[in-house]
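Student: Dropping a prediction and its sequence here:
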Amino acid sequence: MSFLIILILTGLTVGSQYLSQYLNLPTDLNPSILLGLILVSGWVIGRSVKNKTLPMLTGFVLYGMLVGPEGVNLITVSDLESLEFIRFTVYMIMAFLAGGRLELKVYPDFSKKVPLLMAVQLGALLWGTVLLFLILPVVFHQFAFLKGSHAPFYILFTTLVLASGSPAVVLSVNRENVAPVRIKALVLNTVTLTGMILILPFLGHGILLQAMTTKGPGWLQAFQTFAIHLFSVIFVSAAMGLLLRFFLKHFRGELIFFLVIFIIVLYGNGDIYMPELILSFMIAGAIVRHHSSPGKGFIKDISRHSLPFFVAFFTLTAAGIRWSFIVPLMPILAVLFMMRYAFLRFSTELILRRWNEESSSVRPLSRGFVSQSGLTLCFISIVSSFPGISHLQELCTVFTLLVFLNLLVGPPLLQRSLYRIKLFRET
């Protein structure tokens, strides 16, 4: 019933906008009213679609697709711009939570297993990308540019995009499941630490990647700029972590949460330095969690009440993606999706079996690393602005569609994996 009411209200809102446009009346919704509609409607639809194989997150994404510019246009492009600061704020909170949920001390064996799993996944995807780039120019003539002078840049960029996951998706799905904590922590640790490493080449607006192009800076200048930005990340994250650690010892957690929001507000709209900010908040979250006695409880409190953040984050992310599928790009999109899925699954299953992981967990877990969302979109957005690279925009369009597809397919796969592992443990 609630789902039907939300659909009716959404339809009436869209109808009123078209009627206002016909009568030459103002059609823009107040951003605060629009945000309230997103939170209530997204939550109801998420609860409506949730079952053993579909997480609430899928409902948020589907609702974002429905009301976004590519759908009924309830959330217009100008609305997305007016809500950009909300999206940025929630984005940083997600990064802080991802760093704070890293289970590095509870399971000491993770310190040995996770780096190996990350290395094998990245190596498998690099090998798959090289193989794919050798085949694509032969099969699809429009991809002949992959054999040009920028081939190393294309290979590295594609590998980084394919290897990146979504800590926010894992956080959201983990929150809804009662699967073994160790299994959920393994997935989250792997995805989060992989993301923190993959961010590094994109610091300084991707200065190291720009150095690989013909119009990019020299390698000496690139490394100097990269070092400055890396130092700024270390300094800012350490300062935030130590500041929050100090206040946690003397004040209530609610006040500290508002302090986190205040720090985010100080940065404002930081799209130019988005990778630096994401990494800084991840590291700050890890510092608060592991170097402050009340920090663990503080992170758990935020996570316990984080549902509105997930509703806003995934609804706005889905609404902002241009997901209209371009027919000529469908073959390469299908090839990239299947290659990424196959290599991630094979490499993960190989490592888990070498660790003598339970057979009931190996196969489901090997399907749990498919999801992609805001972090990958950040990488694509940075590289898409590089000058003087032929066909880069077409490739970035394909990657954006790939992220959208993985955002649809990945969360149900992870949800089903955790449910099957829990079911086997119980029986």
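Tutor: Received, thanks.
Student: Quick check: Met203 vs Val161, distance?
Tutor: Actually, residue 203 is Leu. It isn't Met. Separation of Leu203 from Val161 (Cβ to Cβ, to the nearest Å): 16 Å. Using the backbone N, CA and C atoms, a C-beta is placed for each residue, glycine as well.
Student: Looking at this protein, which helix is longest?
Tutor: helix 392-426 (DSSP state H).
Student: any idea of the mean pLDDT in it?
Tutor: The average pLDDT for helix 392-426 rounds to 84.
Student: same question, stretch 77-95
Tutor: Here the average pLDDT along stretch 77-95 is 80.
Student: repeat for stretch 217-226
Tutor: 89.
Student: in it, what counts as buried?
Tutor: Neighbour counts using 16 or more other Cβ atoms under 10 Å place Pro217, Ala222, Thr225, Phe226 of stretch 217-226 among the buried residues.
Student: what does the model give the residue lying closest to Trp355 once chain neighbours are set aside for pLDDT?
Tutor: Ranked by Cβ to Cβ, 6 or more residues apart in numbering and with sequence neighbours excluded, the top spatial neighbour of Trp355 is Lys113, at 6.2 Å. For Lys113, the model assigns a pLDDT of 79.
Student: cool, and Glu358?
Tutor: pLDDT for Glu358: 71.
Student: what's the following helix or strand after the helix or strand encompassing Met92?
Tutor: Assigned by DSSP states H and E, Met92 belongs to helix 84-100. Toward the C-terminal end, the helix or strand that comes next after helix 84-100 (DSSP H and E) is helix 110-139.
Student: what number of residues lie near the residue nearest to Trp355?
Tutor: If you count neighbours by other Cβ atoms under 10 Å, Lys113 ends up with 18.
Student: And it, how close does it get to Asn356?
Tutor: 11 Å.
Student: same question, Thr76
Tutor: From Thr76 to Asn356 the distance is 54 Å (Cβ to Cβ).
Student: Same drill for the two, tell me which one is more crowded.
Tutor: Neighbour totals were compared for Thr76 and Asn356, and Thr76 leads with 18 against 8 (other Cβ under 10 Å).
Student: what's the spacing between that one and Ile45?
Tutor: Distance from Thr76 to Ile45, by Cβ to Cβ: 20 Å.
Student: again, but for Phe246
Tutor: Going from Phe246 to Ile45 by Cβ to Cβ gives 41 Å.
Student: same for the host helix or strand of Ile302, what does it pack against?
Tutor: Secondary structure from DSSP H and E places Ile302 in helix 295-304. Here helix 295-304 touches helix 84-100, helix 219-248, helix 253-267, helix 274-290, going by 3 or more Cβ pairs under 8 Å, 6 or more residues apart in numbering; DSSP states H and E.
Student: if we compare the ones you listed, which one ends up closest to Thr129?
Tutor: With Cβ to Cβ as the measure, helix 274-290 is the member of the helices and strands packed on helix 295-304 nearest Thr129 (21.1 Å).
Student: Could you figure out how far that closest one is turned away from helix 219-248?
Tutor: Relative orientation of helix 274-290 versus helix 219-248 (axes from the mean of the first three to the mean of the last three Cα atoms, to 10 degrees): 40 degrees.
Student: got the angle between helix 274-290 and helix 295-304?
Tutor: Relative orientation of helix 274-290 and helix 295-304, computed by the same axes, to 10 degrees: 120 degrees.
Student: now for helix 274-290, which elements pack on it?
Tutor: Here helix 274-290 touches helix 84-100, helix 181-199, helix 203-210, helix 219-248, helix 295-304, helix 374-384, going by 3+ Cβ pairs under 8 Å, 6+ apart.
Student: Show the average pLDDT along the fifth one.
Tutor: In other words, helix 295-304. Average pLDDT, helix 295-304: 80.
Student: Go through it and flag the buried ones.
Tutor: Taking 16+ other Cβ under 10 Å as the neighbour-count basis, helix 295-304 is seen to contain the buried residues Gly295, Lys296, Phe298, Ile299, Ile302, Ser303.
Student: Redo the residues you listed as JSON lines? Include distance to Met92.
Tutor: Formatted as JSON lines, these follow (distance: Cβ to Cβ, whole Å):
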{"residue": "Gly295", "distance to Met92": "17"}
{"residue": "Lys296", "distance to Met92": "20"}
{"residue": "Phe298", "distance to Met92": "16"}
{"residue": "Ile299", "distance to Met92": "15"}
{"residue": "Ile302", "distance to Met92": "12"}
{"residue": "Ser303", "distance to Met92": "15"}
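Student: ok, of those residues, which one's closest to Asp109?
Tutor: Of all these, Lys296 has the smallest distance to Asp109: 19.8 Å, by Cβ to Cβ.
Student: That closest one contacts Gly285, doesn't it?
Tutor: No: with contacts counted by Cβ atoms under 8 Å, Lys296 stays clear of Gly285, the gap being 11.3 Å.
Student: For Ile38, which residues are in contact?
Tutor: With Cβ atoms under 8 Å, 6 or more residues apart in numbering as the criterion, the residues that contact Ile38 are Val67, Ile75, Val311, Ala312, Thr315, Leu316.
Student: Now do the closest residue in space to the first one that isn't next to it in sequence against Met65, distance only.
Tutor: Taking Cβ to Cβ, 6+ apart as the measure, Val67 lies nearest to Leu74, with 3.9 Å between them; neighbours along the chain are not counted. Distance from Leu74 to Met65, counting by Cβ to Cβ: 11 Å.
Student: Compare those two and say which is more crowded by neighbours.
Tutor: Counted by other Cβ under 10 Å, Leu74 and Met65 do not tie: Leu74 has more neighbours, with 22 against 19.
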